[in-house]
Structures are given as structure tokens and as C-alpha cells.
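> Make a model of this:
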Amino acid sequence: MYPGTLALLQQFDQNGHSVTSDYLLGDPYMNVFQGINSVEGFFFPAFTSITVEVNGQVLDIGMTDEMGNYFHTVNHNFVIGDVVRLSAGAYSADQTITLLSVDTIDVANNFVAGKALPPGICMYLIDRIFVALVLK
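Numbering: from 1, shown residues only. Modelled structure (predicted):
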């Protein structure tokens, strides 16, 4: 199995009734919200100790929930250039805080666009649908 794989285990009785158990081998990712000093992690192992680091300094050690997710406000004011890392066992996700700019707001056409310096994203909000292009 590799990250992102969903495994289903089923047991059937003589009448064809079944019991199903599933397991998702996560492909962890994270979000950092600079304005509210919040970190979110998704698809880490469930009920696992998770560590939040900024620039190599441990800020928090918490626990993922039953879905392998983690939500926490940290005692740190994120600044451009901070490297944020979530790690839980063999799994980790990293993000560098970068400057984002909103360049276009077109209310009439329900359109917002902006960019970040590489490595970063180009972002577009079209009719309430967010599209992000990763630049490497």
C-alpha cells in the first residue's frame, strides 16, 4: 500500500450479508493560517502523537483525532520565511510561509486572483471555487 490507498476488508456469511472495515493509508497535508496562528493537519495516522515545529523548534505536541486530523492554535506569530512542520511517526508535512498577493478583485464576474513568489501558488477564486496552481 502507498499513501492515499483505501483498503476494504469484508467478511460475508452464507446469506451474502457482510461486515466491512476500511482503512485509509493517509497522504498527509497541512494548512497554516498566518492571521490566526492556527495549524491544521489532515490524513495523518489516527490517534497518534503529532508534533508542530516552526524553524526546527517544537511548539506543540498533540494528538490526531479518529480520522487522523489535527487542529490547533499555536503560541507563535507566523512570519514570512517560517518553515512549519507537522510530524507523526513516519509521516510529516512541511510548509514555508510566503507572501501572497491579491492582484485582481472583479465583483461583477465573481473573480479573485493573486500569486505567491516561487515556490508558491497562483490562486484564483471563480464563482466560489478555489483553484491553486503549485509553482516549483
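> From now on I want contacts and neighbour counts done on CA atoms only, so please keep to that.
Will do.
> Can you name the residues bridging to the spatially most central residue of the chain?
Against the mean C-alpha coordinate of the chain, by CA atoms, centre = their mean, the closest residue is Met30 at 2.4 Å. Under DSSP bridges, the beta-bridge partners of Met30 are Gly41.
> need the contact list for it.
Val39, Glu40, Gly41, Phe42, Leu86, Ala93, Asp94, Gln95 (CA atoms under 8 Å, 6 or more residues apart in numbering).
> Just send those back as a markdown table, with pLDDT, distance to Asn110 and neighbour count too.
A markdown table is the format used below for these (pLDDT from 0 to 100; distance: CA to CA, whole Å; neighbours: other CA atoms under 10 Å):
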| residue | pLDDT | distance to Asn110 | neighbour count |
| --- | --- | --- | --- |
| Val39 | 90 | 29 | 19 |
| Glu40 | 90 | 28 | 16 |
| Gly41 | 90 | 30 | 23 |
| Phe42 | 88 | 29 | 21 |
| Leu86 | 93 | 35 | 26 |
| Ala93 | 89 | 33 | 17 |
| Asp94 | 88 | 32 | 17 |
| Gln95 | 85 | 29 | 17 |
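> what's the most distant pair in these?
Phe42 and Gln95 (13.5 Å; CA to CA).
> Can you list the low-confidence ranges for this structure?
1-8, 21-26, 116-136 (pLDDT under 70).
> Let me see the ranges of the strands in this protein.
Assigned by DSSP state E, the chain shows strands spanning 5-12, 18-25, 29-33, 38-42, 49-54, 57-63, 70-73, 83-88, 91-96, 100-106, 111-116, 120-126, 129-135.
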